[in-house]
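Peer 1: Could you look at this predicted model? Sequence included:
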Amino acid sequence: MQEKKDQLRQEWIELSSAWIKESREGRTPHRNGLLDQPMLEACGNVEGLQVLDCGCGEGRFCRILAQRGASYVLGLDLCEPMIKAARELQASCNEYRVADVQNLSFLLDQRFDLVVSYLNQCDLPDFMANTREVYRILRNRGRFVVANLHPMRSAGGGWYKTENGKKEHVILDRYFEGNERYWRMMGVNFTNFHRTLSTYIHGFIEVGFKIEGIIEPTISKDQLALYPELEDGLRVPNFIIYSLSKP
């Protein structure tokens, strides 16, 4: 298990330089154009809240939540270069730590009002460990907002194209096999964990969460005008957001 953790962390270390540059200087269309708005809507009014961001990367979404009035935002990530970069733009209400979100034993029970997982659980070998820990550290009636790759995309994801390059349909295969899948992102070989939709839903319910909503973000006409590269989002769901609450 430690060997796997080290491998996954090394992948992110190799990816971190390009990731930080893209997050701060690039367009990041899938986040800015597709995921940010529904994620913020699922989070709701964050003014005065204590918030935890699991897998915060270089802190972009932590900063957004702080700007929207959260009183305290803690960002956790296993990738040291990401946390170092996050601290460079750290505000007084933000804190960043190198930590494994599958083990939050250093945090007190019922410490937070809101926890977000922005494309992090699909990178974890044990998403249930993270889910159980988040349930423990959430206050009663606290919320957990999880954005993942859509299971139909993590099960295959590539497009079947004609000889002239026209996209016919997305290739989906081995959907019911929950296992590692491999990608190449920003020049780095990268590991992702595919799980079925029912695996996530049953896992959340088993821990005790109530499912408040499931969102499959698509691209609006206004956003498409700004981010034409997201046109595929009109045809297939790339991501899924689970809005959960602790009774």
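Peer 2: Arrived safely. Numbers count the residues shown, from 1 in each chain.
Peer 1: use CA for all of it now, contacts and neighbours both
Peer 2: Will do.
Peer 1: where exactly do the helices run in this protein?
Peer 2: Along the chain, the stretches classed as helices by DSSP state H are 2-25, 29, 36-43, 60-67, 80-88, 127-137, 151-154, 197-207, 221-226.
Peer 1: Looking at the protein, which strand is longest?
Peer 2: strand 138-149 (DSSP state E).
Peer 1: The nearest residue to Ala86 once chain neighbours are set aside and Leu15, how far apart?
Peer 2: Among residues not flanking Ala86 along the chain, Glu58 sits closest, at 4.4 Å (CA to CA, 6 or more residues apart in numbering). Per CA to CA, to the nearest Å, Glu58 is found 12 Å from Leu15.
Peer 1: Out of the helices and strands in this structure, which is least certain?
Peer 2: strand 156-161 (a mean of 86; mean pLDDT, DSSP states H and E).
Peer 1: Return the angle between stretch directions for that strand and strand 138-149.
Peer 2: Interaxial angle, strand 156-161 versus strand 138-149 (axes from the mean of the first three to the mean of the last three CA atoms, to 10 degrees): 30 degrees.
Peer 1: In PDB, list the C-alpha atoms belonging to strand 156-161.
Peer 2: Extracted in PDB, the C-alpha atoms of strand 156-161 (Å, rounded to 0.1, in the frame of the first residue of the first chain):
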ATOM      1  CA  GLY A 156     -13.000   4.300 -21.400                       C
ATOM      2  CA  GLY A 157     -13.200   7.900 -22.300                       C
ATOM      3  CA  GLY A 158     -11.700   8.000 -25.800                       C
ATOM      4  CA  TRP A 159     -13.600   8.900 -28.900                       C
ATOM      5  CA  TYR A 160     -14.200   6.500 -31.800                       C
ATOM      6  CA  LYS A 161     -13.400   8.500 -34.900                       C
END
